[in-house]
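Novice: I need the structure of the sequence given here:
(one chain, ligands or ions: 1)
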Amino acid sequence: MNRIKKHYIITGASRGFGKDLALALSGENSVLHLFARSNMDALRKELRKSGSEVYFTELDLLEKDAPKELMAQVERNVNRSETERIVLINNAGMLEPVGPAGKHDGDLFRKHLELNFVVPIALTHVFIEACQKEPCHKRVVMVSSGAADKPYYGWSHYCSSKAGLNMFVKVMGLEQEQQPDPIEVMAFNPGRIDTQMQEIIRNTSEEDFPMVNDFINAFKEGKIGESAEIAQRLARRIQSDYFPSGKILSHRDI
Ligand SMILES: NC(=O)c1ccc[n+]([C@@H]2O[C@H](COP(=O)([O-])OP(=O)(O)OC[C@H]3O[C@@H](n4cnc5c(N)ncnc54)[C@H](OP(=O)(O)O)[C@@H]3O)[C@@H](O)[C@H]2O)c1
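Specialist: Numbers count the residues shown, from 1 in each chain. Okay, here's the model as predicted:
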């Protein structure tokens, strides 16, 4: 049987960068497995004529067994003997709560760390378990941020969760080099892009986030990236042979 199907699993596909990635990766022989809490009917319409096979699942990734549930759902729609590649894109993320450490309710910080750090790693674990021995191309992308390397006042949890993802990628890259059928893994920093997350940033108080005016001015001056364009560039890299495993790439590199 021909191995022609390209499977893309995308978390946080209901809007923003995840939605743009789904559109950029669509096409003949693409199978999109899309996850978010909201209804994705608008995206369903946009993808109708794309030639892709698409599976939409409303799932709250913060639910206890979400990683296993997600992978089980994907496996129901994967015919292994037809699979040319399978890619997990850990994109879902949140910025809130913003403000200096110690200011906000601990439960909110926990939720943040769970979604931005624990869930992508837990999902990667179940992906490795399910796919390590598969004889197809296997890749994991962590959508990271420039904030992983740059401390911003008020973003202690966001900066540290993304920094943690970057280190996970470096370690997993090393480990996978030892595998006979390695899974390639990369972190990607899209830069500032025009999504709902940027709106949230612009609406934070100067007290909680002293850099807020810099983000407002960048937006007014058209100095933030277009999510759709950056998503197309990342999609090309995901589909290409060159995929530097264990590395952190930024929008400037691709
Ligand atoms: N925007 C930027 O400037 C920027 C810069 C650097 C990095 N990033 C990163 O890029 C990624 C995408 O961000 P974005 O800007 O597109 O943000 P966004 O517009 O806020 O979209 C976030 C996505 O995550 C999903 N999500 C949130 N909580 C979830 C949950 N509990 N379970 C399942 N899905 C959940 C949302 O869907 P539902 O609400 O429907 O669940 C939505 O689809 C994030 O990892 C972010 O950190 C963004």
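
Novice: and V54, what element?
Specialist: Assigned by DSSP states H and E, V54 belongs to strand 53-58.

Novice: list the buried residues in that strand.
Specialist: E53, V54, Y55, F56 (16 or more other CB atoms under 10 Å). Quick note: C-beta positions are derived from backbone N, CA and C, even for glycine.

Novice: that one - contacts with which helices or strands?
Specialist: Secondary-structure packing of strand 53-58 (3 or more CB pairs under 8 Å, 6 or more residues apart in numbering; DSSP states H and E): strand 30-36, helix 41-47, helix 66-76.

Novice: quick one: contacts for I86?
Specialist: Neighbouring residues of I86 by CB atoms under 8 Å, 6 or more residues apart in numbering: K6, H7, I9, V78, C131, E134, C136, H137, K138, R139.

Novice: confirm the last one sits in a strand?
Specialist: Yes: the assignment for R139, made by DSSP: H, G, I helix; E, B strand; the rest coil, places it in a strand.

Novice: tell me which residues form a beta bridge with it?
Specialist: Note on R139: beta-bridge partners by DSSP bridges are V87, E184.

Novice: now the strands: where do they sit in the stretch 151-254 of the chain?
Specialist: Listed in chain order, the strands of the stretch 151-254 of the chain (DSSP state E, counting those that start in this stretch) span 184-189, 247-250.

Novice: need those in TSV with mean pLDDT, distance to E229 and mean neighbour count, can you?
Specialist: As requested, the strands of the stretch 151-254 of the chain are exported to TSV (pLDDT from 0 to 100; distance: least, CB to CB, whole Å; neighbours: other CB atoms under 10 Å):
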stretch	mean pLDDT	distance to E229	mean neighbour count
strand 184-189	98	14	24
strand 247-250	97	14	18
